[in-house]
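Enquirer: Mind looking at a prediction? Sequence and model below.
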Amino acid sequence: MPALPLLERVEAAREVALDALTHATGTQSLCTLGRERLRAAKYHEGAVVALGDLRRALRRGEPAPTPETWGLGIVEKYAATSPDWRAYLIGGREALSGVRASTPVPAPAATS
């Protein structure tokens with residue numbers, strides 16, 4: 001069975017992340033979650049946002065975020081001081097890593 005096109009895989013992964021976020025929050029607002037559920041929700045929120053950023057970049061033909069570059073700057077700054085933001089950053093980067101791992105690597109061109 002051929003692999004799905006990248007955009008379809010990203011959209012499918014984002015749907016899974018959205019479902020996980022909904023399950024983690026119990027449909028409550030992130031602002032109202034207690035500490036025991038907040039970190040899991042932030043992890044899944046990071047995944048949803050990172051995959052949304054990737055989807056947008058693919059649709060626009062722009063450079064795609066990578067696990068190494070997503071969240072550089074302000075998110076990394078917050079992650080350095082907050083376990084919740086650290087979960088958000090890790091969730092986003094792991095989601096992007098998962099998409100990258102499922103992307104077939106093209107075979108090198110034959111040289112003569």
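Expert: In hand now; what should we look at? Quantities reported herein were computed from a predicted structural model and do not represent experimental measurements.
Enquirer: what sits up against the helix or strand harbouring Arg86?
Expert: With secondary structure defined by DSSP states H and E, Arg86 is part of helix 83-101. With C-beta atoms under 8 Å, 6 or more residues apart in numbering as the test, helix 83-101 has contacts from 6, 9-10, 13, 17, 38-40, 42-51, 54, 65-68, 70-71, 75-76, 78-80. Just so you know, the C-beta spots here come from the backbone N, C-alpha and C atoms, and that holds for glycine as well.
Enquirer: Can you flag which of those belong to helices?
Expert: Using DSSP state H, 6, 9-10, 13, 17, 38-40, 42-51, 54, 75-76, 78-79 are the members of the contacts of helix 83-101 that sit in helices.
Enquirer: filter those to the buried ones?
Expert: Among the ones in helices among the contacts of helix 83-101, the ones that count as buried by 16 or more other C-beta atoms under 10 Å are 6, 9-10, 13, 17, 38-40, 42-51, 54, 75, 79.
Enquirer: Low-confidence stretches in the chain?
Expert: Residues of the chain meeting the criterion pLDDT under 70: 1-4, 103-112.
Enquirer: Now do the SS call for Glu62.
Expert: coil (DSSP: H, G, I helix; E, B strand; the rest coil).
Enquirer: Find the nearest non-adjacent residue to it, please.
Expert: The shortest distance from Glu62 to any non-neighbouring residue, by C-beta to C-beta, 6 or more residues apart in numbering, is to Arg56 (7.7 Å).
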